[in-house]
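can you look at this prediction? I've put the sequence above it.
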Amino acid sequence: MTKVLRSVVTGVGGYLPERVVTNDDLAKFVDTNDEWIVERTGIRQRHRAPDDQPVSELAVNAARKALAAAGRTPADVDLIVVATTTADLTFPAVATIVQRKLGCPIGIAFDVQAVCSGFVYAMAVADGFVARDRSKCALVIGAETMTRLMDWTDRGTCVLFGDGAGAVVLEPVAGEGTIVDRGLLGFALRADGTKQDMLYVDGGPSTNGQVGKLRMQGNQVFRHAVVNISEAVTAAAADAGIEVSSVDWFIPHQANIRILEGVARRLGIDEKKVITTLSEHANTSAASIPLALDQAINDGRIKPGHLLLLEAMGGGFTWGACVVRL
Ligand code: ACO
């Protein structure tokens, strides 16, 4: 079989801000209650970054852990891709701030803006460099301070989100070109710009010059999520040449426990194979998948060699899935 270069995950790290905000904490200033939030979403608490902690700091903390896990240092990093929708500044990209803060040498650094699907998009984008041998050591980071985008008078959205960051190190490794190779084996990315009104932030540098607040028609997003995600999962599995049933672990974007369960039911996935961090992290947008991956590696569930399926859907709409053998 022909040798092919694969983008292999050699290290994973996660970071959550110290402050935990429970549902009961929110109920002190939002017209909501723990029972409603748990029953409708699965969320029990979220982490919230203080105002003086920018998203780049969350990203740097996660990146340091991922590099240590990979046995690499910032000096090795030649590509940084940050998936975020809550940048420190309108520009420069968070990736270049991370590069400076970590002390990485001159290389490639940019952000990917695909909201909650950002990490899946960023993995596919980074693969374009790593698997073509244009990068020897890449950091792919999902980092978000979503609580900054909340309208705290809108109980339909402000209870859903949290802050955090997760990172992976990708390195090129020769594989056999078969499904037993380690690395990114396949992906499917999708976007449908006609659904913008269902989930967006009502501000931006070239409209009103404001950061804006998140607006969502939750039940409409919900309606599209299960169908869209299921199709992308099936397409990513086909791209990788694997059966969905052969996957060891599903690592979904953590938006709502009912979406996770709906996708699992539709695809006939055993719910025991689905990694969920929703109850402790809430929806951390682009950070939720690498955070969940980090947690399940640390608690010993995910092991080297396991076949993983990552999937997400977010504003745009954008959605997608990718297949990775650890
Ligand atoms: N506490 C108490 N009651 C609430 C709250 C709250 N926090 N929020 C809404 N309600 C009330 C509503 O006012 C409504 O009351 P009414 O019947 O008296 O009018 C009732 O609960 C039902 O509201 P719905 O919006 O219909 O509730 P639903 O079951 O659809 O749940 C939710 C809302 C949780 C937002 C759900 O629609 C959802 O999770 N959608 C998907 C959202 C999502 O996944 N977004 C992220 C994907 S993309 C990304 O990650 C950026």
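Arrived safely.

so what's the closest residue to the ligand within the stretch 151-300 of the chain up against?
Per C-beta to the nearest ligand atom, G218 is where the stretch 151-300 of the chain lies closest to the ligand, at 2.8 Å. C-betas here are computed from N, CA, C, even on glycine. Going by C-beta atoms under 8 Å, 6 or more residues apart in numbering, G218 touches 156-157.

let's see it at 6 Å
G218 is in contact with G156, counting by C-beta atoms under 6 Å, 6 or more residues apart in numbering.

how near is it to I257?
Separation of G218 from I257 (C-beta to C-beta, to the nearest Å): 14 Å.

quick check: neighbours of the helix or strand where L185 lies in the sheet, parallel or antiparallel?
Taking DSSP states H and E as the definition, L185 sits inside strand 183-191. Its sheet considered, strand 183-191 pairs with strand 318-325 (antiparallel) by DSSP bridges.

buried ones in the strand it pairs with, by neighbour count?
By 16 or more other C-beta atoms under 10 Å, the buried positions in strand 318-325 come out as 318-325.

and stretch 52-62, by the same measure?
Residues of stretch 52-62 classed as buried by neighbour count (16+ other C-beta under 10 Å): 53-62.

out of these, who's nearest the ligand?
Set against the ligand, the nearest of the buried residues of stretch 52-62 by C-beta to the nearest ligand atom is V55 (15.4 Å).

you'd agree that closest one is up against A143?
Yes: with contact defined as C-beta atoms under 6 Å, V55 reaches A143; the gap is 5.0 Å.

which residues do those two both contact?
The contact lists of V55 and A143 share T84, where a contact means C-beta under 6 Å, 6+ apart.

still on that earlier bit, for the strand holding L185, give me every contacting residue.
Strand 183-191 is contacted from outside by 6-8, 124, 127, 232, 235-236, 239-240, 316, 318-324, using C-beta under 6 Å, 6+ apart.

hey, C-alpha coordinates of the top helix by length along the chain in CSV?
With DSSP state H applied, the helix covering the greatest number of residues in the chain is identified as helix 218-240. Provided in CSV are the C-alpha atoms of helix 218-240 (Å, rounded to 0.1, in the frame of the first residue of the first chain):
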residue,chain,number,x,y,z
GLY,A,218,-33.3,27.7,20.0
ASN,A,219,-36.1,25.4,18.8
GLN,A,220,-35.3,26.2,15.1
VAL,A,221,-31.6,25.4,15.7
PHE,A,222,-32.6,22.2,17.5
ARG,A,223,-34.8,21.2,14.6
HIS,A,224,-32.0,21.3,12.1
ALA,A,225,-29.2,20.0,14.4
VAL,A,226,-29.9,16.3,14.5
VAL,A,227,-30.5,15.9,10.8
ASN,A,228,-27.5,18.0,9.7
ILE,A,229,-25.1,16.5,12.1
SER,A,230,-26.2,12.9,11.3
GLU,A,231,-25.6,13.5,7.6
ALA,A,232,-22.2,15.0,8.2
VAL,A,233,-21.2,12.1,10.5
THR,A,234,-22.2,9.6,7.8
ALA,A,235,-20.3,11.5,5.1
ALA,A,236,-17.2,11.8,7.3
ALA,A,237,-17.3,8.1,8.0
ALA,A,238,-17.6,7.4,4.2
ASP,A,239,-14.7,9.7,3.5
ALA,A,240,-12.5,7.8,6.0
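
next secondary structure after it?
strand 249-252.

look at the nearest residue to S288 once chain neighbours are set aside and give its secondary structure.
What sits nearest to S288 in space, not counting adjacent residues and going by C-beta to C-beta, 6 or more residues apart in numbering, is Q254, at 4.2 Å. With DSSP: H, G, I helix; E, B strand; the rest coil as the basis, Q254 sits in coil.

thinking Q254 is in contact with A287, fair?
No: between Q254 and A287 there is no contact under C-beta under 6 Å: 9.4 Å.

more neighbours: those two, which one.
Neighbour count, other C-beta atoms under 10 Å: between Q254 and A287, A287 has more, with 38 against 30.

return the backbone torsion pair for K28.
Note on K28: backbone dihedrals following degrees, to the nearest 10 are phi -70, psi -30.

what's around it, how many residues?
Close neighbours of K28, defined as other C-beta under 10 Å, add up to 7.

from D51, how far out is it?
In terms of C-beta to C-beta, K28 sits 19 Å off from D51.
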